[in-house]
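> Based on what follows, work out the 3D shape:
(2 chains)
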Amino acid sequence: MIISTHGILASSGARDIASGYLFKSTTDSTVVTGVIITTISYSNLIPANTMLVGDFFQYNVRAIKVGTAGSCVIRVYFNTSASLIGATAVGVYTMAATTLNATYTKIALIKSATNTEVQAAVGSILTRDALANSIATSSININWTVDQYFIIAFTPNSALDSTYANGLFFLKT
Amino acid sequence: MNIEIINLVLFFRDFEYNVIAIQDIDGNYYDMITDKNILCFDIATTTINGIKFNSVEEVNVYLFG
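Numbers count the residues shown, from 1 in each chain, chains lettered A, B, ... in the order given. Below is the predicted model:
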């Protein structure tokens, strides 16, 4: 702990974020092109115990697709490593072939240690949030007591298109 | 990576999940849809109960008959 000459207390160590942006970026993510397999475009570490029971989080991804050769699926995952293997899906949204940009946003509630709730049904496409939804909410099991990576991946339907995120944020409230 | 599924119950990271379906995403990655999560895995590097599978059809036949 350092006490400055102005009497302001400063401390070193991990920052404890009660609420606010955990991360945000207007830098273009890795462009996914030339492939039709699910490919990671962006990932960011959320350290263990950053998210707590009782928290909300909201992520917002602005996806850009250059080209209209095919559709493209935006996939959002959490995983204990920056990998798709064993990753837990929390959101899926399909951009049609003629779609050039999409803002994909989702709000989740951490209701318990084993229940991170999103607005959609497990077993179907977890679409973007809606003001009203006839599909039941789903309970997703994410262990927030260990490091988790927030992962954005794209599944292009055509190798001719290029898809990336040109902006995103992850907000903890 | 090896995952255990017994009587359609997946044991993963100290939790139990009821497996509902396996879906092919893009020919390389697959969604394992459970009652709690949708897990992404690659059958090229993943075995189920120690068994290596070559297609989502093989996995579905093994799990659901």
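> so the residue lying closest to B:Ile38 once chain neighbours are set aside is in which element?
Setting aside the residues directly before and after it, B:Ile38 is nearest to A:Ala89 in space (C-beta to C-beta, 6 or more residues apart in numbering or on different chains), at 3.9 Å. C-betas here are computed from N, CA, C, even on glycine. A:Ala89 is located in strand A:87-95, with elements delineated by DSSP states H and E.
> from what I can see the residue nearest to B:Ile38 touches B:Met32, true?
No: A:Ala89 is beyond contact range of B:Met32, at 9.7 Å (criterion: C-beta atoms under 8 Å).
> Which residues of chain A lie near chain B?
For chain A, the residues in contact with chain B (C-beta under 8 Å from any C-beta of the partner chain) are A:36-38, A:73, A:75, A:77, A:80, A:84-89, A:114, A:122-123, A:126, A:139-141, A:143, A:155.
> count of neighbours near the residue in chain A that chain B sits nearest to?
Closest contact between chain A and chain B, by C-beta to the nearest C-beta, is at A:Ala89 (3.9 Å). Residues within reach of A:Ala89, counting by other C-beta atoms under 10 Å in any protein chain shown, total 26.
> Who does it form a beta bridge with?
Under the criterion DSSP bridges, A:Ala89 forms beta bridges with A:Tyr77, B:Ile38.
> contacting residues for it?
A:75-77, A:126, B:31, B:37-40 (C-beta atoms under 8 Å, 6 or more residues apart in numbering or on different chains).
> Mind picking the one among those residues that's closest to A:Gly20?
Nearest to A:Gly20 among the contacts of A:Ala89 is A:Val76, at 20.1 Å by C-beta to C-beta.
> now stretch A:47-55, how far from the centre of its chain.
Relative to the mean C-alpha coordinate of its chain, stretch A:47-55 is positioned 15 Å out (C-alpha atoms, centre = their mean, to the nearest Å).
> ends of it, how far apart?
End-to-end span of stretch A:47-55 (C-alpha to C-alpha, to the nearest Å): 15 Å.
> For chain B, what lies in contact range of chain A?
Residues of chain B lying close to chain A (C-beta under 8 Å from any C-beta) are B:1, B:12-13, B:15, B:17, B:20-21, B:25-29, B:31, B:33-42, B:45-46.
> hmm, try it at 6 Å
Selection of chain B residues close to chain A by C-beta under 6 Å from any C-beta of the partner chain yields B:15, B:20, B:25-26, B:28-29, B:33, B:36-42.
> So which of the residues you listed belong to strands?
Mapping these onto strands (DSSP state E) picks out B:15, B:20, B:33, B:38-41.
> A:Val73 - nearest residue in space that isn't next to it in sequence?
Using C-beta to C-beta, 6+ apart and skipping residues adjacent in sequence, the residue nearest A:Val73 is A:Thr155, 4.1 Å away.
> isn't that neighbour right up against B:Asp26?
Yes: using C-beta atoms under 6 Å, A:Thr155 is in contact with B:Asp26, at 5.1 Å.
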